[in-house]
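S.K.: The following block contains a protein sequence and its predicted model.
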Amino acid sequence: MSLAVLPKNKVMNNRILMVLVLASLFTTAANAQNYQSAVGLRLSNGAPVLQTGLSMKHFFSEKSAVEGLINLSEPFGFGLLYEIHQQLPVEGLRMFGGGGGQLAFRKNTTYAGFSGIAGLDYCFKEVPINISLDWKPELNINPKTRFEAAAFGFTLRYAFR
């Protein structure tokens, strides 16, 4: 065996070990949170700019997730929320909080603002269904500054484990 082959094998072994460690970490995080990603429908009252629409949530770790919202009613819009999740004593139940921004369009008007979010998230153990209840207050800064506190929602999603 030549000496030039040893460093290459050692580098290859280190890379394989690194991939296995990372895969193990991601698998552990996915198992701890019951699901990795989820897609579904969010129903909300008519007060906020972003109301009823599509919801997509993806976890980057056991506690941090990003949720994307696409409004299906007038005005057309989308939002992005960063969320921190905390496991509660009931298996599959977590509380979460976070915030982000939103942008919406109606005819010649553009709406822009910020959203907070707080709620409960539950994923069923036996079926790939995730539900959440939340409060998502909005501070809209365009076309005029307006705070909307009465923004409550219920989300039903298909969970990918």
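M.R.: Received, thanks. Numbering: from 1, shown residues only.
S.K.: going forward, measure contacts and count neighbours with C-alpha atoms only.
M.R.: Fine.
S.K.: hey, what's the nearest residue to Phe78 once chain neighbours are set aside bridged with?
M.R.: Nearest residue to Phe78, sequence neighbours excluded (Cα to Cα, 6 or more residues apart in numbering): Ile70, at 4.3 Å. Note on Ile70: beta-bridge partners Leu54, Phe78, judged by DSSP bridges.
S.K.: ok, now which ones touch Ile70?
M.R.: By Cα atoms under 8 Å, 6 or more residues apart in numbering, the contact list for Ile70 reads 50, 53-55, 76-79.
S.K.: Which parts of the chain are helices?
M.R.: For the chain, helices defined by DSSP state H occupy the ranges 5-33.
S.K.: where are the low-confidence patches of it?
M.R.: Low-confidence segments of the chain (pLDDT under 70): 1-33.
S.K.: again, 80 this time
M.R.: In the predicted model of the chain, residues 1-33, 46 satisfy pLDDT under 80.
S.K.: separation between the residue nearest to Phe78 and Ser55?
M.R.: Relative to Ser55, Ile70 is positioned 7 Å away (Cα to Cα, to the nearest Å).
S.K.: sorry, back to before: return the member of the contacts of Ile70 nearest to Gln87.
M.R.: Using Cα to Cα, Ser55 is the member of those that lies nearest Gln87, at 21.0 Å.
S.K.: What count of nearby residues applies to the closest one?
M.R.: With neighbours defined by other Cα atoms under 10 Å, the count for Ser55 comes to 22.
S.K.: Hmm, it is touching Leu41, no?
M.R.: Yes - with contacts counted by Cα atoms under 8 Å, Ser55 reaches Leu41, the gap being 5.6 Å.
S.K.: Spell out which residues are contacts of both of these two.
M.R.: With Cα under 8 Å, 6+ apart as the test, Ser55 and Leu41 both reach 155, 157.
S.K.: quick revisit: which of the contacts of Ile70 ranks first by neighbour count?
M.R.: Going by other Cα under 10 Å, Leu50 tops these with 28 neighbours.
S.K.: what are the phi and psi angles of that residue?
M.R.: With angles defined as degrees, to the nearest 10, Leu50 sits at phi -90, psi 110.
S.K.: how near is it to Val90?
M.R.: 30 Å.
S.K.: what do you get for Gln102?
M.R.: In terms of Cα to Cα, Gln102 sits 32 Å off from Val90.
S.K.: Neighbour count for these two, which is higher?
M.R.: In this view Gln102 and Val90 are compared by other Cα under 10 Å, and Gln102 has more residues nearby, 22 against 8.
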